[in-house]
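S.K.: quick check, what structure comes out for this input:
(one chain, ligands or ions: 1)
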Amino acid sequence: MACFLNCVRFDVTKTITDKPTSKEGSVAVSSVTRYSWDDVEALTSNFSRLIGSGGYSSIYMARLSSSAKAALKVHVSSHRLYKIFRLELDILLRLQHPNIVKLLGYFDDSEENGALLLEYLPQGNLQENLHSNSKQVLPWRNRVAIAFQLVQAIEHIHEKCIPQIVHGDIKSSNVLLDKNFNSKLCDFGSAKVGFSSMVQPSAISPRSRHVTMVGSPGYTDPHYLRTGVASKKMDMYGFGVVVLELISGKEALSAGNGEMLVHV
Ligand SMILES: Nc1ncnc2c1ncn2[C@@H]1O[C@H](COP(=O)(O)OP(=O)(O)OP(=O)(O)O)[C@@H](O)[C@H]1O
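M.R.: As a prediction, the model looks like this:
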């Protein structure tokens, strides 16, 4: 319990520059807790329960109090991945929307290590709910609501934030579900903000032979793959694939024959 007393509470809106604001007014998370590493260990009971993992991170169950649960996303320790953590942190600090995962706090050593404390979504991600045999079949009304809520989250980052945000990795495993199966978009580690969301990345030069592209097989806009130019359209392409998954119940990329759903 001592750790909670050590937490630094501050108004993050005062520390952030160049923050996107909503066209409906200035929107930013008003208060987010900055934790020490000791706090992180205490919150997760020494990382005792892994609840998810991704390419860059591991996600652990955390407890804020005896009843309140949260999810702690610990980024893999490295200088390169620290930049992804900072990007995701900076974006989440600025976003507040019912269909976007809420940031509760974070740990940042300003060098290589970072962690995000997020609201806990007990029904896991949409991919598991659609394609795992152990899960109940998702009713049609939930599927329609999830599609509608996901596109509202996308509309918010594209049209209501200044500068605009392109998520860059819309896929069913980045859509989390709360206890009532409401959807929350997560994972802003591939996002592009403002001008950078409309330009060709520097890695894509005529002379460069190796091009680093972000994207998930089955969901990536072919135009982005051809040109490297990120745009809002790449998010809409990913959204279209998720809608196909919701309607058909098939995976974006078949584990069996590697066939892409968009080609079926
Ligand atoms: N807030 C949360 N509540 C419950 N589960 C979560 C939460 N955040 C993440 N997860 C679980 O962890 C998985 C990975 O999370 P996330 O996509 O944020 O990680 P990542 O390292 O950025 O992954 P990627 O490989 O897609 O880049 C999710 O698909 C989900 O199953």
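
S.K.: around the ligand, which positions in the stretch 51-200 of the chain sit nearby?
M.R.: 51-57, 59, 71, 73, 101, 118-121, 124-125, 173-174, 176, 186-187, 189 (Cβ under 6 Å from any ligand atom). To be clear about C-beta, it is placed using only N, CA and C from the backbone, and glycine gets the same treatment.

S.K.: go with 5 Å
M.R.: Proximity of the stretch 51-200 of the chain to the ligand (Cβ under 5 Å from any ligand atom) is limited to residues 52, 54-57, 59, 71, 118, 120-121, 125, 173, 186-187, 189.

S.K.: tally of neighbours for the closest residue to the ligand within the stretch 151-264 of the chain?
M.R.: Closest contact between the stretch 151-264 of the chain and the ligand, by Cβ to the nearest ligand atom, is at Asp187 (3.7 Å). Taking other Cβ atoms under 10 Å as the criterion, the count of residues near Asp187 is 23.

S.K.: right, and it touches Asp169 too?
M.R.: Yes. Using Cβ atoms under 8 Å as the test, Asp187 is close enough to Asp169 to be in contact (6.2 Å).

S.K.: which other helices and strands contact the helix or strand hosting Leu81?
M.R.: Per DSSP states H and E, Leu81 falls inside helix 79-94. Applying 3 or more Cβ pairs under 8 Å, 6 or more residues apart in numbering; DSSP states H and E, one finds that helix 79-94 contacts strand 69-75, strand 103-108, strand 114-119.

S.K.: winner for burial among these?
M.R.: Of all the helices and strands packed on helix 79-94, strand 114-119 has the most neighbours on average by mean count of other Cβ atoms under 10 Å, namely a mean of 23.

S.K.: and the contacts of that strand?
M.R.: Contacts to strand 114-119, defined as Cβ atoms under 8 Å, 6 or more residues apart in numbering, come from residues 33, 35, 40, 43, 62, 70-75, 82, 85-86, 88-89, 92, 101-108, 184, 186.

S.K.: quickly run through the sheet partners of it, with directions.
M.R.: strand 69-75 (antiparallel), strand 103-108 (antiparallel) (DSSP bridges).

S.K.: out of the ones you listed, which comes closest to His223?
M.R.: The minimum distance between His223 and those falls on strand 69-75, with 29.5 Å, by Cβ to Cβ.

S.K.: could you dump the closest one to PDB, C-alpha only?
M.R.: Below are the C-alpha coordinates for strand 69-75, written out as PDB (Å, rounded to 0.1, in the frame of the first residue of the first chain):
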ATOM      1  CA  LYS A  69      -8.700  -4.000 -11.900                       C
ATOM      2  CA  ALA A  70      -6.400  -2.500 -14.500                       C
ATOM      3  CA  ALA A  71      -4.000  -3.800 -17.200                       C
ATOM      4  CA  LEU A  72      -0.300  -2.900 -17.200                       C
ATOM      5  CA  LYS A  73       1.400  -2.900 -20.700                       C
ATOM      6  CA  VAL A  74       5.100  -3.300 -20.200                       C
ATOM      7  CA  HIS A  75       7.100  -2.500 -23.300                       C
END
